[in-house]
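1. the sequence and its predicted three-dimensional model are supplied below.
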Amino acid sequence: MARGDRRRILKRAAVVVLVLFLAIQAVPYGWWHENPPVVAAAQWPDPEAEAIARAACYDCHGNESRWPFYSYVAPMSWLVRRDVEQGREELSFSDWDAGEADDAIDSIEEGEMPPWSYTIIHRDAAMSPEEMAIVVDALRLMEAAD
């Protein structure tokens, strides 16, 4: 295959990719970003645990999500919207139910939360083992308080 033929194929492929990227922006899922009111805020036993949880958890597990620029661009907007919807459904620090603390503790201790796919982009959300212990201890106290 000649060099000119390869360039022509690459240009056409680039145009097709660009057209597809622009077309998927018309899909409305992921455009709308809602932060409903906080119904029953989690009562953290200390400010340090709350600060760690806010950085690592609240974007998906609360009604105070930060919506970065890429959450408005498909296909990332679809993934972000899905993650926030699923996270709020699993556990919400904005509609707190202490009965959910046990599952949260298990997820943190098993290394499932926060997920690597989130911490790779949001470095401030990655928790050290010490920070995990602080949040887990706080969740245990919150669970026992109810």
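-> Good, I have the coordinates.
2. contacts only, for residue 85.
-> Counting by C-beta atoms under 8 Å, 6 or more residues apart in numbering, residue 85 touches no other residue. Where C-beta positions appear, they are placed from N, C-alpha and C, glycine not excepted.
3. cool, residue 53 as well?
-> Residue 53 is in contact with 42, 44, 93, 135, 138, counting by C-beta under 8 Å, 6+ apart.
4. just the ones of the residues you listed in helices?
-> Using DSSP state H, the members of the contacts of residue 53 that fall in helices are 135, 138.
5. which among the contacts of residue 53 gets closest to residue 80?
-> Of all the contacts of residue 53, residue 93 has the smallest distance to residue 80: 18.1 Å, by C-beta to C-beta.
6. surely that closest one is in contact with residue 57?
-> Yes. Taking C-beta atoms under 8 Å as the definition, residue 93 is a contact partner of residue 57 at 6.7 Å.
7. is it true that residue 70 touches residue 77?
-> Yes. Here residue 70 reaches residue 77: they are 7.4 Å apart, a contact under C-beta under 8 Å.
8. okay, the two: which has more neighbours?
-> residue 77 (22 against 13; other C-beta atoms under 10 Å).
9. can you tell me the closest non-neighbouring residue to that one?
-> Leaving aside its sequence neighbours, residue 77 sits nearest to residue 30 (C-beta to C-beta, 6 or more residues apart in numbering; 3.1 Å).
10. just the pLDDT for that neighbour.
-> Here, the pLDDT recorded for residue 30 equals 74.
11. now the helix of greatest length in the chain: how far from the chain's centre is it?
-> For the chain, the longest helix by residue count, based on DSSP H, is helix 3-24. Offset of helix 3-24 from its chain centre (C-alpha atoms, centre = their mean, to the nearest Å): 32 Å.
12. give me the residues contacting that helix.
-> Contact with helix 3-24 is made by 74, 75, as judged by C-beta under 8 Å, 6+ apart.
13. I'd like the next helix or strand past that helix.
-> helix 47-56 (DSSP states H and E).
14. quick one: the residue nearest in space to the middle of the chain and residue 22, what's the gap?
-> Residue closest to the average C-alpha location in the chain (C-alpha atoms, centre = their mean): residue 60, at 4.3 Å. Between residue 60 and residue 22 the distance is 28 Å, computed by C-beta to C-beta, to the nearest Å.
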